[in-house]
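> Would you be able to build a 3D model of this:
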Amino acid sequence: MALENILDALKIAASLHMSNEFQKAHDLYREIILIDPNNAHALHLLGVLLLQNGFHKDGKNFVEQAIEIRGDYPEAVANLASFGCSVPAKWQLDIDQFEKVTGWNVYENESTDRWRHLRMLDFANCFLGSEDLWLTIGDFRGHDSLMLRSMGISNVVASNLDVAELKLGHDAGVVGDYLTINAEKISLPDDSFDYVLCKEALHHMPRPILAIYEMLRVARKGIVFVEPQDKVIDWPANKKSTFWHEVEGGKVSFGKNGEDVPIAEYLVDWHEDGVFNYVYTMSKREVHKISLGMGLPAYATKSFNDYYNAEWASQPATQEHDGFNKTVEQIQLWDHICKLTGSPSSYMTGLLFKRHPNQDVAQKLRSLGYEFNVTPTRFLPLKWPNF
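Numbers count the residues shown, from 1 in each chain. Purely as a prediction, here's the structure:
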């Protein structure tokens, strides 16, 4: 290989690398380094390849050599950090994405998209008429706090890891009070708010379960989260079912017994907007176990289906508009599939109560389709008198 062809060879090696043809990419990186030992890009990418395949010591050495040679090499620094500890790397990625956003906007008042999100907040109707103070977590533009207010919950503080968008909304006179909060390490005293809401943000976090426990710590009465539902954990264990499911090739399939054609298939593990945004799906079973483990007095869950299409999202949520009708039609279709196969829905809402809610709240939740459960008292540390 001639020195003048190294750039072309490097591009080919990187293409092989991205296609997971690791051995071919490895050999070509090595060949480039033999000709040009100080080629920072080849050293960096060879190091990344080795790290990906478990050769951490050698991989780290190659990446560090590349940084030493090139000096200012942000990609190599970021890659090294991601293998050293993915948590700060993921936080930094989120912040970098926030900085690219320009301007502030709110859901259009009567749009199909706003209708979808209001469906996810139906629980708010059970908490009206009180002076409870709410905190929203991962509320990027303050939309969650605004929707809670529109539904009648007036005392809401919004928060996010990066508050640039919240500040723009606040300066526009729309978003109220806001806080900078890392959900996995909330810098607030215990029992700072009555309720904490985290809507569609847990699955963006490196350690979502840690965030749930932090939310419980700073809540006096309880927490609410709305997240994608786990398709495997919440599968009903009914051996008499005429439907089957199996996990193969990263998918869970649902179909009729004796037939090879699946009715529906889902990815078991999936990512949203890039590899760092692994979607940590939640399950009813996990809500139950958290309640048992902490001795919480009660919990509630609800499964539901949602459907998003970017072309339909901005259309008004009225029957005169095809986008709204098609969105409703898709949700009803998935409701039917879930009923037919027993498959879990695409989303779930979980509520964990630190104080037992009054009967009115419990009854309203049930009327909205929530499964309201009192934690079995045999798991709580009761003190019995000496008769």
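
> burial measure for I331, as a count.
18 (other CB atoms under 10 Å). Placement of C-beta: from N, CA and C, glycine included.

> so which strand or helix has it?
Per DSSP states H and E, I331 falls inside helix 322-341.

> And for E265?
Counting by DSSP H and E, E265 is part of strand 262-267.

> Same question for A158.
Going by DSSP H and E, A158 is in strand 156-160.

> That strand: partners in the sheet, and parallel or antiparallel?
strand 134-137 (parallel), strand 178-180 (parallel) (DSSP bridges).

> rewinding a little: please identify the next secondary structure element, helix or strand, after the strand holding E265.
helix 284-294.

> Please name every helix or strand in contact with that following helix.
strand 298-304, strand 347-353, strand 371-374 (3 or more CB pairs under 8 Å, 6 or more residues apart in numbering; DSSP states H and E).

> Next, the angle from it to strand 347-353.
Counting by axes from the mean of the first three to the mean of the last three CA atoms, to 10 degrees, helix 284-294 points 10 degrees away from the direction of strand 347-353.

> Could you number the chain from 39 rather than 1 from now on?
Got it, first residue is 39 now, which makes that one helix 322-332.

> So what touches helix 322-332?
Outside of helix 322-332, the residues within contact range by CB atoms under 8 Å, 6 or more residues apart in numbering are 250, 254, 267-268, 271-272, 334, 336-337, 339, 341, 386, 388, 390, 409, 411, 413-414, 417.

> Look at the closest residue to Q353 other than its chain neighbours and report its pLDDT.
Leaving aside its sequence neighbours, Q353 sits nearest to G361 (CB to CB, 6 or more residues apart in numbering; 3.4 Å). Note on G361: pLDDT of 95.

> Am I right that G361 is in contact with A351?
Yes: applying CB atoms under 8 Å, one finds G361 in contact with A351, separated by 7.4 Å.

> so what sits against both of the two?
The contact lists of G361 and A351 share T150, where a contact means CB under 8 Å, 6+ apart.

> re the thing from before, between the helices and strands packed on helix 322-332, which one is nearest to D373?
Closest approach to D373 among the helices and strands packed on helix 322-332 is made by strand 336-342 (8.4 Å; CB to CB).

> Return the distance of that closest one from the chain's centre.
Remark: strand 336-342 is offset 18 Å from the chain centroid, using CA atoms, centre = their mean, to the nearest Å.

> Enumerate the positions of the helix or strand just after that strand that are buried.
The first helix or strand that comes after strand 336-342 along the chain, using DSSP H and E, is helix 348-351. For helix 348-351, the neighbour count (16 or more other CB atoms under 10 Å) marks W350, A351 as buried.

> same question, stretch 87-97
Buried residues in stretch 87-97 (16+ other CB under 10 Å): L87, L88, L89, G97.

> which residues sit against that stretch?
Residues contacting stretch 87-97 (CB under 8 Å, 6+ apart): 55, 60, 63-64, 67, 84-86, 98, 100-101, 117, 121.

> Of those residues, which is the most crowded?
Y67 (28 neighbours).

> quick one: M158 and Y385 touch, right?
Yes: M158 is within contact range of Y385, at 7.1 Å (criterion: CB under 8 Å).

> Mind listing the shared neighbours of these two?
With CB under 8 Å, 6+ apart, M158 and Y385 have common neighbours V264, F342, D344.

> neighbour-wise, which of these leads?
Compared across those, V264 has the highest neighbour count, 24 neighbours, by other CB under 10 Å.

> confidence score at that one?
97.

> cool, Q267 as well?
Confidence score, pLDDT, at Q267: 94.

> swap in A249?
pLDDT, A249: 96.

> same check, this time on V139
57.

> Now for the closest residue to V325 other than its chain neighbours, how many residues are close by?
The spatially closest residue to V325, leaving aside those adjacent along the chain, is G388, at 4.3 Å (CB to CB, 6+ apart). When neighbours are defined as other CB under 10 Å, G388 has 26 of them.

> what's the neighbour count on H241?
19.

> surely it meets E265?
Yes: counting by CB under 8 Å, H241 sits close enough to E265 to count as a contact (5.7 Å).

> Now do the shared contacts for these two.
Joint contacts of H241 and E265 (CB under 8 Å, 6+ apart) are Y318, T319, M320.

> Can I have the buried ones of the contacts of helix 322-332 as a PyMOL selection?
Restricted to buried positions by 16+ other CB under 10 Å, the PyMOL selection for these reads:
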select buried, resi 250+254+267+268+272+334+336+337+339+341+386+388+390+411+413
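
> quick one: secondary structure of N99?
helix (DSSP: H, G, I helix; E, B strand; the rest coil).
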